[in-house]
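Q: Let me see the structure of the following:
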Amino acid sequence: MSVSLYSGRIALKLLLLQLMTFVILSAAFYTKSIEWGVFAFAGGLAYWLPNVIFMLLTHFQKAKEQDVPVRIAWFFAIGEGVKVIISIAMLIVALGVFKAAFAPLGVAYLAVLIVQIIAPAVMNG
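A: The predicted structure follows:
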């Protein structure tokens, strides 16, 4: 589920929790090697950065269009598609151009994804 569907305060907490997750994972992988730490950071960033961009865009879109629910729904659908494309592009660049190791990249990406799924349920009690 998209971060922007939550209230602004919960979305900010969720984004900060995701940021902490992949920074801590990057530090853990850094103990193995510098490259693994960087690759883990890139994996987390590939999931987190599109979420931040999407949240900012939808926040401003919701502020402009309070009375047009169909238009907002289309904006969410298109925004989610763009978010997925940005994530895939970032992963392709990390794996193809920078020859990133898949293990730290994938673990960090999946960890941030799992935080996105589980954290709202834990935060709401």
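Q: in the longest helix along the chain, what's buried?
A: Among all segments of the chain classified by DSSP state H, the helix with the greatest residue count is helix 34-64. Taking 16 or more other C-beta atoms under 10 Å as the basis for neighbour counts, the residues of helix 34-64 that come out buried are 36-48, 50-51, 54-55, 58. Yep, even glycine has a C-beta here, placed from its N, CA and C like the rest.
Q: so what secondary structure elements neighbour that helix?
A: Using 3 or more C-beta pairs under 8 Å, 6 or more residues apart in numbering; DSSP states H and E as the contact criterion, the secondary-structure elements in contact with helix 34-64 are helix 8-30, helix 69-92, helix 102-123.
Q: And the last one, what's buried?
A: Within helix 102-123, the residues that qualify as buried by neighbour count (16+ other C-beta under 10 Å) are 104-109, 111-113, 115-116, 119-120.
Q: So which of the residues you listed is the closest to residue 74?
A: Out of the buried residues of helix 102-123, the one with the shortest distance to residue 74 is residue 116. That distance is 22.7 Å, counting by C-beta to C-beta.
Q: Help me confirm that that closest one comes into contact with residue 15.
A: No. With contact taken as C-beta atoms under 8 Å, residue 116 and residue 15 are classed as non-touching, separated by 9.3 Å.
Q: any idea which residue sits dead centre in the protein?
A: Among the residues of the chain, the smallest C-alpha distance to the mean C-alpha position (C-alpha atoms, centre = their mean) belongs to residue 48, namely 2.4 Å.
Q: pLDDT value on that residue, please?
A: In this model, residue 48 is scored at 96, pLDDT.
Q: Next, the contact list for it, please.
A: Shown in contact with residue 48 (C-beta atoms under 8 Å, 6 or more residues apart in numbering): 15, 18, 19, 22, 112.
Q: what about the fourth one, how many residues close to it?
A: By that I understand residue 22. By the criterion of other C-beta atoms under 10 Å, residue 22 has 25 neighbours.
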